[in-house]
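Engineer: this is a predicted model, with the sequence first.
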Amino acid sequence: MPTSHTGTTTTEPESGAGVEAATDVVTLRRSVAAGAVGVFVHWFDWAAYAYLAGTVATVFFPADDSTTGLLAVFGVFAVSFGIRPVGALVFGPLGDRIGRKRTLSLVIFTMSGATLAIGLLPGYDSIGIAAPVLLIVLRLIQGFAAGGEFGSAASFLAESAPRRRRGFGVGWLEVGSLLGFLAGSFVFLLLSTGLDEAQLTAWGWRIPFLIAAPLGVIGFIIRNKIEDTPEYRALEENDTVPRSPARELLRSHRRQLLQAAGLMAAMHVPFYAVLTYLVTYETDHLGHSADSAALLSTVISLLGLALVPLFGALSDKVGRKPVFVGATTALLIVATPAFWLMRTGSAGTWIAGLVLGVILAAILGTYAVWSAEIFPTRTRQSGLSIAYNVTAALFAGTVPYLMTVLISATGSTLVPGPYLMVFALGGLIAALSLKETAGSPLLHAEDVAATSVPADAAPGRQ
């Protein structure tokens, strides 16, 4: 029974096709659960920390200057973004050396442990200056571990999903992130409506961080029980596991690294602009209520939950290139008119927001799987981790700050439109420079046999 390396049937009797399809579904479900659970935990924590920033500032910093405390909390938030590339440089190459399964387990264990410790951490009134210091240390540990989450999960999902459903399978990675974000905001809503300020400050703020711990334990158990991917096992069987994947990546695959960075930057900026900054934009510049702005953000997230896997599946049918090029071209065309439309009233804001949400869903549904497919298995996790986290550190966390500065400097509320256009153009250029990869094998020539690898890049000679 001839099969591809992922287990997808190429030619077989019709009766066997049904068994193979059923096996593919089971495999896909297990892979999605193992790959997406860590992303869910990470974004749940991210949302909880962001929404509880004011309370965290009260608990961990001196009460005599609330503004300074809030700025310090956001500063800690920014630092946790800044350290992610360091985590990527550690966990990315580590996953290419010891396997996806081990790094997936290690990352979620570290991330969840730090989150639990924050939930148990005494406040400033109890231990003084040690409280903010320990908070910073734990957030750094979280950020360091988060630097390994995307590359590990995306590599695992891409290599575990059936070849003809790879886009659909990897798309669930972003469903995990959107679900985590929504769950974090929902828990905050329950806390803020069910508790008064004194209760929230005394103990209520700890609940989301304590919830994340059992979620992390469940994720660790799921990940610890899975097998490593067929592609990585093939490296082991062929004795082509790299000893220095980061060095090999920078020496032999710089072009792919830059292409992946272009795709990812075109995802990061609209993601943060549409799902996080748009709430501030509506309240500060359009005069909308906070409730209305939050409702639109929630609806856009729910729309993404429905559409991201569908766009991933569409890319399995028609290719990554048509979907991603179509999405970035649409963003290039409608970004500025969308922000103009928002100024016409509430209806215009909803129409523009939903249109941007659909475009974002198309990008989210294709960027990760396409990025995974362009790297050889030997350096896939390194390439994904570094490209994702460096672009996140440079462009994602800076969106709200830069938008505020640019609008203040120019006096124009249309500024976010041209800003999005810049990154849409960058993503479009990266996409046009890439070949179509939908349905292609993930094992490249250098992955199959050591003789196909340059002598100085072969295992034992790096």
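Structural biologist: The structure has been received and is ready for your questions.

Engineer: buried ones in whatever helix or strand Ser126 lives in?
Structural biologist: Here Ser126, judged by DSSP states H and E, is contained in helix 124-127. If you call a residue buried by 16 or more other C-beta atoms under 10 Å, then helix 124-127 has these buried ones: Tyr124. Every C-beta, even on glycine, is put in place using the N, C-alpha and C of the backbone.

Engineer: output the contacting helices and strands for it.
Structural biologist: Packing partners of helix 124-127 (3 or more C-beta pairs under 8 Å, 6 or more residues apart in numbering; DSSP states H and E): helix 130-160.

Engineer: and the helix holding Ser126, what's its mean pLDDT?
Structural biologist: For helix 124-127, mean pLDDT rounds to 91.

Engineer: gap between it and the chain center?
Structural biologist: 35 Å (C-alpha atoms, centre = their mean, to the nearest Å).

Engineer: ok, the residue nearest the centre of the chain - contacts?
Structural biologist: The centroid of the chain falls nearest to Phe150 when counting by C-alpha atoms, centre = their mean (5.6 Å). Applying C-beta atoms under 8 Å, 6 or more residues apart in numbering, we find Phe150 in contact with 39, 173, 368, 384-385, 388-389.

Engineer: try Val448
Structural biologist: 234, 238, 240.

Engineer: please redo it, this time with the cut-off set to 10 Å
Structural biologist: Contacts here follow C-beta atoms under 10 Å, 6 or more residues apart in numbering; on that basis Val448 touches 5, 234-235, 238, 240, 376-377, 441.

Engineer: cool, and Leu420?
Structural biologist: 266, 269-270, 273-274, 331-332, 334-336, 338-339, 356, 359, 399.

Engineer: who wins for most neighbours among those?
Structural biologist: In terms of neighbours by other C-beta atoms under 10 Å, those top out with Ala266 at 30 neighbours.

Engineer: give the buried residues for the host helix or strand of it.
Structural biologist: Element membership for Ala266, per DSSP H and E: helix 254-272. Residues of helix 254-272 classed as buried: 256-257, 259-272 (neighbour count, 16+ other C-beta under 10 Å).

Engineer: can you tell me the average pLDDT over it?
Structural biologist: On average, helix 254-272 scores 96.

Engineer: Phe324 contacts Ser433, doesn't it?
Structural biologist: No - using C-beta atoms under 10 Å, Phe324 makes no contact with Ser433, being 12.0 Å away.

Engineer: the two: who's more crowded?
Structural biologist: Taking neighbours as other C-beta under 10 Å, Phe324 and Ser433 compare with Phe324 leading, 28 against 11.

Engineer: the lowest-mean-pLDDT helix or strand in the chain: what's the following helix or strand?
Structural biologist: When the helices and strands of the chain are scored by mean pLDDT, DSSP states H and E, helix 66-82 comes last with a mean of 70. Using DSSP H and E, the next helix or strand after helix 66-82 towards the C-terminus is helix 84-98.

Engineer: for that next one, packing partners?
Structural biologist: helix 100-120, helix 130-160, helix 230-238, helix 245-252, helix 380-391 (3 or more C-beta pairs under 10 Å, 6 or more residues apart in numbering; DSSP states H and E).

Engineer: again, only using 6 Å
Structural biologist: helix 100-120, helix 130-160, helix 245-252, helix 380-391 (3 or more C-beta pairs under 6 Å, 6 or more residues apart in numbering; DSSP states H and E).

Engineer: hmm, who's touching that helix?
Structural biologist: 103, 143-144, 146-148, 151-152, 242, 245-246, 379, 381-382, 385-386, 389-390, 393 (C-beta atoms under 6 Å, 6 or more residues apart in numbering).

Engineer: between it and helix 245-252, how big is the angle?
Structural biologist: Angle, helix 84-98 to helix 245-252, by axes from the mean of the first three to the mean of the last three C-alpha atoms, to 10 degrees: 100 degrees.

Engineer: and helix 84-98, what's buried?
Structural biologist: Buried-residue list, helix 84-98, by 16+ other C-beta under 10 Å: 84-85, 87-97.

Engineer: quick one: it to chain centroid distance?
Structural biologist: When distances are taken as C-alpha atoms, centre = their mean, helix 84-98 is centred 15 Å away from the chain's centroid.

Engineer: what does stretch 168-176 give?
Structural biologist: 10 Å.

Engineer: before we move on, what about stretch 338-357?
Structural biologist: Worked out by C-alpha atoms, centre = their mean, stretch 338-357 lies 26 Å from the chain centre.

Engineer: contacts for that stretch?
Structural biologist: Contacts for stretch 338-357 (C-beta under 6 Å, 6+ apart): 274, 296, 300, 303, 414, 416-417.

Engineer: rerun at 7 Å
Structural biologist: 270, 274, 278, 282, 286, 288, 296, 300, 303-304, 334, 413-414, 416-417 (C-beta atoms under 7 Å, 6 or more residues apart in numbering).
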